[in-house]
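In: structure, please.
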Amino acid sequence: MLAWDFIIFKKQMNNMATVYKLAFSACLFISALQVSAQKVFSEGTIVYDVSIQSGNGMQGGLGNASNTVFLKGNSSRTDMVSPLGKETTIFNSKSDNAVILKEFSGQKLMITLTKENWKTKAKQNSGLKFELLNESKTIAGYNTRKAIANTADGKSIVVYYTPDLVVANKEYDATFANLPGLPVEYEIESGKTKFRYTLSKISYEPVLVSQFDFPTSGYRIMTYEENQQLKKGN
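Out: Down below sits the predicted model:
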């Protein structure tokens, strides 16, 4: 009887081992499907419509703003355009530095940033921890999920993101470095003003390398340190 009991016990263990293997394989298969379904965005253009609201409602002078992001590898360019003017931020991965171009009221200013300046600037909103909520809605044709983060100065960032698309270059906007997907709509507070960005277009067309070139003339030049001192003076 002991021998027969042992044979039965061994068969049961073998059956259990088979079940565990099948379950483990199923988990791996599901994980692989999730990874394969997530598309990586490494080059192209992302366009957001921007609306600005204060405590008194929409600010008409800024109501038709747009924010265009150009990405190519580790290089990035962001153009913020409104009726009041234009601000462009360019990071060139080859030269490993950046510039901020401001064009307002006929004045053109270029602020130069070293690699260390770029890192310092990114620290302002880097390391944000997003709380992923069980809330979703469809925006611009994307199934999105809601997430919330709080900045060091107590401001809140509400974002709806799609986990189906992730940006390869995490440094283009340090705010979303820890977000598990592409921001489709997000809201940022600045004082009593709220900026709402809503995705309007994505293009996968190759971006010209010249988009990340720095201007060589036509701008008054200021270093990042000089600009920071100027802000403190105001």
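In: state the phi and psi torsions of the residue nearest the centre of the chain.
Out: When the chain is reduced to its mean C-alpha position, the nearest residue by CA atoms, centre = their mean turns out to be Phe176, at 4.0 Å. According to degrees, to the nearest 10, the main-chain angles of Phe176 amount to phi -110, psi 20.
In: cool, Pro206 as well?
Out: Recorded main-chain torsions at Pro206 are phi -60, psi 140, according to degrees, to the nearest 10.
In: that one is in contact with Glu43, isn't it?
Out: Yes. Between Pro206 and Glu43 there is a contact under CB atoms under 8 Å: 6.1 Å. Any C-beta I mention is one placed from the backbone N, CA and C, and that applies to glycine too.
In: neighbour-wise, which of those two wins?
Out: When Pro206 and Glu43 are compared for neighbours, Glu43 comes out ahead with 16 against 10, by other CB atoms under 10 Å.
In: gap between that one and Asn64?
Out: Summarising the geometry, the distance separating Glu43 from Asn64, computed by CB to CB, to the nearest Å, is 28 Å.
In: repeat that for Gly218.
Out: Taking CB to CB, one finds Gly218 at 26 Å from Asn64.
In: more neighbours, the two?
Out: The residue with more neighbours, out of Gly218 and Asn64, is Asn64; 13 against 9, by other CB under 10 Å.
In: contacting residues around the more buried one?
Out: Ser82, Pro83 (CB atoms under 8 Å, 6 or more residues apart in numbering).
In: and it, how far from Glu116?
Out: According to CB to CB, Asn64 and Glu116 sit 36 Å apart.
In: cool, Val69 as well?
Out: For Val69, the distance to Glu116 equals 23 Å [CB to CB].
In: just Asn97 next, same as before
Out: Here the distance between Asn97 and Glu116 works out to 9 Å (CB to CB).
In: ok, the two, which is more surrounded?
Out: Asn97 (18 against 10).
In: so the more buried one bridges to which residues?
Out: Asn92 (DSSP bridges).
In: kindly report the same for the one 5 residues further on.
Out: Listed by DSSP bridges, the beta-bridge partners for Lys102 are Glu87, Leu109.
In: what pLDDT does it get?
Out: We have a pLDDT of 97 for Lys102.
In: which residues are in contact with it?
Out: Applying CB under 8 Å, 6+ apart as the definition, the contact partners of Lys102 turn out to be Gly85, Lys86, Glu87, Lys108, Leu109, Met110, Ile111.
In: what sits against the last one?
Out: Which is Ile111. Applying CB under 8 Å, 6+ apart, we find Ile111 in contact with Val99, Ile100, Leu101, Lys102, Met222, Thr223, Tyr224, Asn227.
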